[in-house]
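S.K.: okay, sequence plus prediction incoming.
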Amino acid sequence: MKILKVLVLLSAFANVFGSPSMRRCMILPIKDSVGGAIGFKVFSKVETYLKASKWCYYQSNSEIINTLGNYKNTLDQALNNPDVIKLISEKTNSGSLVKVELSSFSSGTKVSVKVLGANGKDIYFKEETDISSDEIDVIAQTVNNWLDVYEKNIPYDARVLGVLGTQFTIDIGQDFGLYSGYEVDIVRPVKKQVHPLLKEIVDWKTMPVATAKVFHASKSQAQLNLVEYKRETLIQTEDWVIVSKTNSDSAIKKERYPDIDVNDTSYAFGRLGRVALAFNLGFGSDTISGSDVRKIGGLNVGISADAEVWATRKYWVGLNIFKSFGSYSKEEGNFTTESYSINQSIFKLKAGYKYLPLGFFYGPQVDAYFGYGSYSYSLDNKRSDGVGAAKFSGILLGTRGSIPLVKDFRFYLKLDFLFSPSYEEEVSIYGEDDSSRNFNIGAGVEFKYSPNMDFYGGFDYYNSKAEFNGGTSVSFKDTMFKGGAIFAF
């Protein structure tokens, strides 16, 4: 019991002199464009949500009344001043300060949410959207949805409050779902990664310190014994605590979040973009139409890579590369050659905008994009058969939509095309085209396997066609089935 008393005293000491935990939160006065008529009511509902949540030890904002009292006429400037935010954090012992701004327009409301750190400068989370409603409940629920996402972004479950030899105390307990016998990992933050455009903290670099086991847990704190050091450094106050996955993780989380599917950890990665790699297998053909129809076709195998980097949550740039190989033989008409080797290359450089119908990043998404694309069909050049290598290229326009189906599964559908593409031949066979067209349709399903990795499968249908004076046309068609993995970073 003496040890427990000492640890509790150390905990109190750490709370006074250490930086506040991100799990201690408060909401700042809400700014709106209608003199506070909407902001006050939204504030009340969001405050009620925070008080009821188990991830946030809510700090009443009564302590900031005196602080902000000196800024009655310049409240907007004060809430944008990092020094004022830092002072508020010190007064309330809050590590997550929620800042909400509302702006009404003719058909709805712009909602902006930021979560600021204790120093007033760090941005832990930032989202904004336009919603077609001015109802208080809808606006407040939008804010609450984003705060649910923010909670999942917090990089630790608890922090070390006090250390005495090989025993220490942390700032969560039974209310969190932590019980005697549970193991935890102790890590130390060494660097924070800031998005170059958003100026938002998107990742934390940590180093492992130790593992430990709970030997006593109260409602809001727990005491632990050291099990093993991971490197030559001692446990320190403010080290991060992560509940080990060797525990009954689902039981912990279920008690902590009875109304939220917290086992979906897709929030933990994917701050900057993702890369998809896939194996492709399918069938292709080259059809020559004129006074008669001649066609060659066969099996294609290939690989594809699709990278996407998010400049913001809504704006992104992407690169798609596809390469396939195959051998075509006669399917219709007369040819002097028995078989033709073919390799197909696709290149797409894209920039796009992501629309979130529900204002929620992990809900339905609709992307519109443009860029440059090229389709190269490298066939053996046989002028006598009218077969040869060709290339279609031009401005790329497209759209892609995705929607969650059931837990861990998401369906996607895409369509893009080259706008008035140019047509080129490696060896002149038909000459300059009269008109050309190209499009690509794709669909599939993504399955979340782990926080930073999805598996996906689907198909792509490619169609490129050039028409010439005299009624002759050349058409390349490919249907490819693919399967692969998506890695978020």
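M.R.: Great, that's in hand. Numbering: from 1, shown residues only.
S.K.: contacts for stretch 398-412?
M.R.: Applying Cβ atoms under 8 Å, 6 or more residues apart in numbering, the external contacts of stretch 398-412 come out as 261, 264, 350, 362-370, 413-417, 440, 442-448, 458. Just so you know, the C-beta spots here come from the backbone N, C-alpha and C atoms, and that holds for glycine as well.
S.K.: 6 Å instead, please
M.R.: By Cβ atoms under 6 Å, 6 or more residues apart in numbering, the residues outside stretch 398-412 that reach it are 364-369, 413-416, 444-448.
S.K.: surely residue 51 forms part of a helix?
M.R.: Yes - assessed with DSSP: H, G, I helix; E, B strand; the rest coil, residue 51 lies in a helix.
S.K.: not counting sequence-adjacent ones, nearest residue to it?
M.R.: Residue nearest to residue 51 in three dimensions, not counting chain neighbours: residue 58, with 4.8 Å by Cβ to Cβ, 6 or more residues apart in numbering.
S.K.: how about residue 116?
M.R.: Residue 116's closest residue in space is residue 97 (Cβ to Cβ, 6+ apart), at 4.6 Å.
S.K.: count of neighbours near that neighbour?
M.R.: 27 (other Cβ atoms under 10 Å).
S.K.: partner strands of the helix or strand that residue 216 is a member of, parallel or antiparallel?
M.R.: Here residue 216 sits within strand 201-217, counting by DSSP states H and E. Note on strand 201-217: by DSSP bridges, its sheet partners are strand 183-194 (antiparallel), strand 222-229 (antiparallel).
S.K.: just these: most buried one?
M.R.: When the strands paired with strand 201-217 are scored by mean count of other Cβ atoms under 10 Å, the highest mean neighbour count falls to strand 222-229 (a mean of 18).
S.K.: picking that back up, surely the residue nearest to residue 51 meets residue 49?
M.R.: No - using Cβ atoms under 6 Å, residue 58 is not in contact with residue 49; the gap is 9.4 Å.
S.K.: what does the longest helix along the chain contact?
M.R.: If you go by DSSP state H, the chain has its longest helix at helix 136-153. For helix 136-153, contacts defined as Cβ under 6 Å, 6+ apart pick out 41-42, 45-46, 49, 55, 100, 109, 111, 113, 115, 125, 127, 267, 359-360.
S.K.: I'd like to know how many residues surround the closest residue to residue 427 other than its chain neighbours.
M.R.: Of all residues not flanking residue 427 in the chain, residue 381 sits nearest, at 4.5 Å (Cβ to Cβ, 6+ apart). The number of residues packed near residue 381 is 15, by other Cβ under 10 Å.
S.K.: how about residue 284?
M.R.: Around residue 284 there are 22 residues (other Cβ under 10 Å).
S.K.: swap in the one 10 residues further on?
M.R.: By other Cβ under 10 Å, 18 other residues sit near residue 294.
S.K.: tell me the mean pLDDT for the strand holding residue 216?
M.R.: Averaged across strand 201-217, the pLDDT comes to 89.
S.K.: after the longest helix of the chain, which helix or strand is next?
M.R.: Trace forward from helix 136-153 with DSSP H and E and the next one is strand 158-164.
S.K.: next, the angle from that next one to strand 201-217.
M.R.: Interaxial angle of strand 158-164 relative to strand 201-217 (axes from the mean of the first three to the mean of the last three Cα atoms, to 10 degrees): 50 degrees.
S.K.: strand 158-164 pairs with which strands, parallel or anti?
M.R.: Checking strand 158-164 against DSSP bridges gives partners strand 167-170 (antiparallel), strand 240-243 (antiparallel).
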